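[1] Here is a sequence with its predicted model. Questions after.
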Amino acid sequence: MVVARNQTGICPYCKNSNRFEGVQYYKYPHNYDFPNRELINGVEDKTKLLRTCRCTACQEIIILFGEQMICPLGAMRPSAPKEVPTDISQDFNEASLIEPLSSKASAALARRCLQSMLHEQGISKNNLSQEIEKAMETLPSHLSEAIDAVRNIGNFASHPIKSTNSGQIIDVEKGETEWILDVLEQLFDFYYVQPTLTKLKKKALDEKLKSANKPPNK
């Protein structure tokens, strides 16, 4: 998720998409150069740079130290949709919350979230890798490819995560945890959000048909 001045992204406070603006904060400019910042091969170390920007929607200040957001400390992606069952959404929200602090712990929660969701869909095998393979049989091609890629993250295809140990901590590469969370958001939409919207639309249509003395849709 992009959070930087003069860039468009999702605000970590109000969750709205907006263009962030540069701002002075506590008398420091938007890029504050620490006096003891070191040079790496003669080039300034950008990881020691304090940056600030402001959400143009809610006017809240965001502070970053290098690429790490330090205020507010927490998730930079929206919470799970309200249609998602509570136990699954809690794991997802916690995984999002700790992603900036520990990608390995976040990935473990995300995998547990994925496995709980597959179990809720009636898919239960000896390990998560096999459950993903089973889920791929009924998912659209774009989701099937996305969830299949999750099996390669952290090399757990060669170290299958048992159904009783889905929260196992294993190494992940840069960007892999974000991928798992992105896939979960897509699955939330497929398994929960869209079916709920379809039911609501059908209910509204049936009410119109009833008022016109016509039978409901089958």
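    Structure received.
[2] What separation do you get for the residue most central in space within the chain and F92?
    The geometric centre of the chain, computed from its C-alpha atoms, lies nearest to L181 (CA atoms, centre = their mean), at 3.8 Å. Separation of L181 from F92 (CB to CB, to the nearest Å) stands at 7 Å. For the C-beta atoms, the positions are set from N, CA and C on the backbone; glycine is no exception.
[3] was I right about the residue nearest to the centre of the chain contacting R77?
    Yes - counting by CB atoms under 8 Å, L181 touches R77, with 6.6 Å between them.
[4] which residues are common contacts for the two?
    S96 (CB atoms under 8 Å, 6 or more residues apart in numbering).
[5] okay, and the common contacts of L181 and F92?
    Listed as contacting both L181 and F92 by CB under 8 Å, 6+ apart are A110.
[6] Quick check: buried residues in the strand or helix carrying the residue nearest to the centre of the chain?
    Here L181 sits within helix 176-188, counting by DSSP states H and E. By 16 or more other CB atoms under 10 Å, the buried positions in helix 176-188 come out as E176, T177, E178, W179, I180, L181, V183, L184, E185, L187, F188.
[7] Point out where this structure drops to low pLDDT.
    1-2, 24-48, 67, 74-76, 154-171, 218 (pLDDT under 70).
[8] Kindly report the domain assignment for it.
    As assigned by automatic domain parsing, the chain contains the domains 8-71, 86-201.
[9] Since that was my last question, I'll sign off now.
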